[in-house]
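Enquirer: Need a 3D model of the sequence below.
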Amino acid sequence: MYQKGEQRSEEILRATLRVIGARGADAVTHRAVAREAGVPVSATTYYFASKEDLLERALLMAAREETERLERLVLDLAPSALSVDEWAAAVSAQLAGDLDEDPAKHVALFELGLEAARTPALRAELGRWQEANLRLAEVGCRAVGSDEPELDARVVVATLTGLLLEQLASEREDFETGVLRPALTRLFAQLAAPTRSPASL
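Expert: You can find the predicted model right below:
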């Protein structure tokens, strides 16, 4: 019985993420989520007392899952002796593939950043997700020979954030090979340079 309840609760939260992905956080209501999940409204109100509770739990779930995925990717790539091109290709394939598979989740993660400004309860999970992003970027920066991997990791994350947000809005078919991989290859190559000056970046 408990397992069935957990499954129903998760289905409702995933429906909430789909609503966020399609129409934004403001569109989340018990009725809209129930329609998306194919359940009666009484089911959503049984598990989640308010719209705020529904929204917060859905965003937390998305952030935790993405944090776990990034941490697995760090473990997979950290021992690898890859070239700049190979690192860019590996990270691009992972990120672009995940974006194609579940764009609504990524919309929800951007919404999380906005909601955390208004909802303190979301900030800790947002921080863990951001830290996982930085760890992955730092592993890449160290692998390509960055002399300031912690600082450069922030540059990589900022670049990726902008490119992913742009892709969510434009849905380019050649995003991985035409945008993401070339941008990361160039960025990693610059960060790997033994000597850098502002004029060279």
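
Enquirer: Please tell me how far Phe48 sits from Val74.
Expert: 32 Å (CB to CB, to the nearest Å). (Glycine included, C-beta is placed from N, CA and C.)

Enquirer: Between these two, point out the one with more neighbours.
Expert: Set Phe48 next to Val74 and count neighbours by other CB atoms under 10 Å: Phe48 wins out with 21 against 17.

Enquirer: List the residues that contact that one.
Expert: Residues near Phe48 by CB atoms under 8 Å, 6 or more residues apart in numbering: 12, 30, 54, 57.

Enquirer: remind me, longest helix of the chain?
Expert: For the chain, the longest helix by residue count, based on DSSP state H, is helix 51-77.

Enquirer: name the helices or strands packed onto that helix?
Expert: helix 2-23, helix 30-37, helix 84-101, helix 103-116, helix 123-144 (3 or more CB pairs under 8 Å, 6 or more residues apart in numbering; DSSP states H and E).

Enquirer: And for the third one, what's in contact with it?
Expert: Right, the one you point to is helix 84-101. Taking CB under 8 Å, 6+ apart as the rule, helix 84-101 contacts 69, 73, 77, 80, 82, 106, 136, 140, 143-144, 160, 164, 167-168, 175-176, 180-181, 184-185, 188-189, 192.

Enquirer: Only whichever of the residues you listed are buried, select them in PyMOL.
Expert: The following PyMOL line selects those of the contacts of helix 84-101 that are buried, judged by 16 or more other CB atoms under 10 Å:
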select buried, resi 73+77+82+106+136+140+143+144+160+164+167+175+176+180+181+184+185+188+192
